[in-house]
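1. kindly return the folded structure for what I paste below:
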Amino acid sequence: MAAHRGIEIYPLASIQGGMAQFYTPQSSHETMLVQIPPHTIDDLFVHKSQTDQILVVRGRLALVTLENKQYRYTPLSDRLPQVVKIPPGVLHGAINLDSEPCTIVNAVLRHRPTQPRDYIPRPRPFPYNLAIAGAKLAEMEAVIIQQAVVSRGGFIQNICQ
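-> Residues are numbered from 1 along each chain as shown. Predicted coordinates for the structure are as follows:
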């Protein structure tokens, strides 16, 4: 699914192998495991030399991007596996409103050697709207619950036949 300003959001493909679910690996030059503490409202970052490919593996968060002087809040969860691909030059940050940490995997694509400025937090030009971030997370949870109900309904129907 295409998003905005070169940002891509797409579901993570998987196959069932016995009892395990195998998800498609992301090509990368390096992989980082990042833990975002509970109740974290992160500043912005912008990378000039890398593309971030972010997957939440535990918990949930609202990924924030700044585009055309407006924040966009993208909800991500371990219960809805999807990858967000953030190209160089896009200001982005994370909001974890939950009381549990959120763990993400970032499969980084390097375009040239790292620059120290790539990892310096940038101040927010204006405050985040935490109500919108929370509402986006709630909308995502409703979708996850709806998918679980539909999935269970099909499972029960198959058992009864």
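2. surely residue 124 touches residue 44?
-> Yes: judged on C-beta atoms under 8 Å, residue 124 makes contact with residue 44 at a distance of 6.1 Å. Yep, even glycine has a C-beta here, placed from its N, CA and C like the rest.
3. for this protein, give me the ranges with low pLDDT.
-> 1-5, 152-161 (pLDDT under 70).
4. grab the most central residue of it for me.
-> In the chain, the centroid-proximal residue (C-alpha atoms, centre = their mean) is residue 76; its distance is 4.3 Å.
5. strands of this structure, residue ranges please.
-> 8-11, 14-17, 20-23, 30-36, 40-41, 50-58, 60-67, 70-77, 82-86, 91-96, 102-110 (DSSP state E).
6. nearest to residue 144, of the ones you listed?
-> Closest to residue 144 of the strands of the chain, according to C-beta to C-beta: strand 70-77, at 6.6 Å.
7. list the contacts for the closest residue to residue 72 other than its chain neighbours?
-> Leaving aside its chain neighbours, residue 72 sits nearest to residue 65 (4.9 Å; criterion: C-beta to C-beta, 6 or more residues apart in numbering). Residue 65 makes contacts with 4-5, 7, 71-72, 74, 86, 90-92, as judged by C-beta atoms under 8 Å, 6 or more residues apart in numbering.
8. widest-spaced pair of these?
-> Between any two of the contacts of residue 65 (C-beta to C-beta), the greatest distance is 14.2 Å, for 71 and 86.
9. neighbour count for the two, which is higher?
-> Just comparing residue 71 and residue 86: by other C-beta atoms under 10 Å the higher neighbour count belongs to residue 86, 26 against 21.
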